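Colleague: this is a predicted model, with the sequence first.
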Amino acid sequence: MVLMVIVNMFQDEFFINAAQAQMEVAWIGFPFVFAFVYGLFSESIPIYGSRRKSYLLIMSLLEVLACLVVVLVPINSMNYSIQITSAALSACSFAMCWLDTIVDGLVVIEQRKDPQHGSQDIQVFSYICLTLGGIIPNLVAIAFSLKVSLQMCYTVPMVIGALIFVASLFLS
């Protein structure tokens, strides 16, 4: 559903054809191809002595800034606004994919702290979060796309990125 918002934004507001909109969506989703590398990179190269916290701060800030660019770039059929929006959405995808990889690693670490029930509890919690994380953003995206401009849908991941930034400040 979120991809439909992206395609609709490119088609309805940038007035590009379906084939070009799908090409833009492919470029936006391209950072997910290398998801396994992000975890290896963050575990191998610490920034300021931290293997996760620094990357969480950097990537959540990148997500906020990329979504802010999407929200603030004026929409018109000019080629530069399409390119800026596509680049910002690609940066947002890159940041979200990296954050997902780091959070998965943190979940595994927390799971090991409780050898008796850790894996079961974390698995149940993970499935609940995946379900809610799949349903809620889609409902919000539908509501935003029907009531306000499609650009404003990206205030939601911007707020989530800001929340991750604040939460990662409290990590040890």
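Modeller: Perfect, thanks for sending it.
Colleague: output the longest helix belonging to this protein.
Modeller: helix 79-112 (DSSP state H).
Colleague: which helices and strands sit right next to it?
Modeller: helix 18-29, helix 35-44, helix 53-72, helix 118-147, helix 155-169 (3 or more Cβ pairs under 8 Å, 6 or more residues apart in numbering; DSSP states H and E). For every residue, glycine as well, the C-beta is placed using N, CA and C.
Colleague: 6 Å - rerun?
Modeller: Of the remaining helices and strands, those touching helix 79-112 by 3 or more Cβ pairs under 6 Å, 6 or more residues apart in numbering; DSSP states H and E are helix 18-29, helix 35-44, helix 53-72, helix 118-147.
Colleague: now the third one: average pLDDT?
Modeller: Averaging pLDDT along helix 53-72 yields 88.
Colleague: just say helix, strand or coil for whatever residue is furthest in space from the centre of the chain.
Modeller: Taking Cα atoms, centre = their mean, the residue of the chain most remote from its mean C-alpha position is residue 116, at 32.8 Å. Secondary structure, DSSP: H, G, I helix; E, B strand; the rest coil: residue 116 is coil.
Colleague: tell me the pLDDT at it?
Modeller: 74.
Colleague: likewise for residue 122?
Modeller: Looking at residue 122, its pLDDT is 68.
Colleague: rewinding a little: got the helices and strands packed on helix 79-112 as TSV, with distance to residue 82 and mean neighbour count columns?
Modeller: Below are the helices and strands packed on helix 79-112 laid out as TSV (distance: least, Cβ to Cβ, whole Å; neighbours: other Cβ atoms under 10 Å):
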stretch	distance to residue 82	mean neighbour count
helix 18-29	7	14
helix 35-44	26	14
helix 53-72	12	20
helix 118-147	18	13
